[in-house]
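J.: After the sequence you'll find the predicted model.
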Amino acid sequence: MRVFFRALPALLCFLSLRADPGYSVRGKVELGEWPPEPKAGNRYLRGPTAPAPVVKRDRFALVWLELPSGSFPAPAASPPPEKYVILQENLEFNPHQLCVPVGAKVSFPNEDEVHHNVFSYSPAKKFDLGRYLRGETAPTVTFDRPGEIRLFCEVHKHMRASIFVVDTPFRTRSGPDGGFELAGVPAGSYVLRAVVDERVRHAMPLTIAPGMQPMELLLALPKTAAP
């Protein structure tokens, strides 16, 4: 049995029913083009000044399911903690966005031959890691509240990234073609969210009813500009 949702041009999504573990939510996010951006100068070079490279970021979407209200039940057994890392390399944060569960620890290694700094003034997590060099112990931050955390580097004003801390077990990162899958989703009502970058964000209600018959829907996905 398959339930097919269609939303163009932003997101293409369908559900397939699995006997025991639940539904598999699959889809495709239209990623669009991301032109490369030249890097700003650096005031803290250790060696001779060289032209900063022009780097084209990987294009992908973060996708997750939210409950309209309430919380997901706690898992019967806690999975082993995942390792989350945001590198500072080529004068960029890599990846430029990350989705993690509440309580996740994220480390921020410096892979450049220059000073870097990571800080955030976001209400869900405010911190400042100070300046540090390649080879120094990578600072780690625990993100214990849900919300969007915007990251910046005090040394390089152009550097920025986002961490989305979510209270859901159903989260993933799309492939370079925008394809994604969320497995084992039980029947219920959800909000499906997809974030491509600071400007392109999608949200759509998604209801999975037991024994749903195949159907096709054309959905309008709102695009919300980042504040």
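T.: Alright, I've got the coordinates.
J.: Give me the neighbour count for Thr168.
T.: Thr168 has 19 neighbours, counted by other C-beta atoms under 10 Å. All C-beta spots, glycine's among them, are computed from the backbone N, C-alpha and C.
J.: so it is in which element?
T.: Assigned by DSSP states H and E, Thr168 belongs to neither a helix nor a strand.
J.: Contact partners for it?
T.: 64-67, 72, 101 (C-beta atoms under 8 Å, 6 or more residues apart in numbering).
J.: And the residues you listed, which of them are buried?
T.: Listed as buried from the contacts of Thr168 are 64-66, 101; burial here means 16 or more other C-beta atoms under 10 Å.
J.: got JSON lines for those, with pLDDT and secondary structure too?
T.: Conversion of these to JSON lines gives the following (pLDDT from 0 to 100; DSSP: H, G, I helix; E, B strand; the rest coil):
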{"residue": "Trp64", "pLDDT": "95", "secondary structure": "strand"}
{"residue": "Leu65", "pLDDT": "93", "secondary structure": "strand"}
{"residue": "Glu66", "pLDDT": "93", "secondary structure": "strand"}
{"residue": "Pro101", "pLDDT": "94", "secondary structure": "strand"}
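J.: what would these look like in a markdown table with distance to Asp58?
T.: Below are these laid out as a markdown table (distance: C-beta to C-beta, whole Å):
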| residue | distance to Asp58 |
| --- | --- |
| Trp64 | 19 |
| Leu65 | 23 |
| Glu66 | 25 |
| Pro101 | 22 |
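J.: which one of those sits closest to Arg26?
T.: Nearest to Arg26 out of these is Leu65 (C-beta to C-beta; 12.6 Å).
J.: With adjacent residues omitted, what lies nearest to that closest one?
T.: Leaving aside its chain neighbours, Leu65 sits nearest to Phe170 (4.1 Å; criterion: C-beta to C-beta, 6 or more residues apart in numbering).
J.: confidence score at that neighbour?
T.: If you check Phe170, the pLDDT there is 94.
J.: any weak-confidence spans in the protein?
T.: Within the chain, the ranges that satisfy pLDDT under 70 run 1-21, 33-57, 76-77, 211-227.
J.: With distance to Glu154 added, can I get the contacts of Thr168 in JSON lines?
T.: Listed next are these as JSON lines, based on distance: C-beta to C-beta, whole Å:
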{"residue": "Trp64", "distance to Glu154": "30"}
{"residue": "Leu65", "distance to Glu154": "35"}
{"residue": "Glu66", "distance to Glu154": "33"}
{"residue": "Leu67", "distance to Glu154": "37"}
{"residue": "Phe72", "distance to Glu154": "36"}
{"residue": "Pro101", "distance to Glu154": "28"}
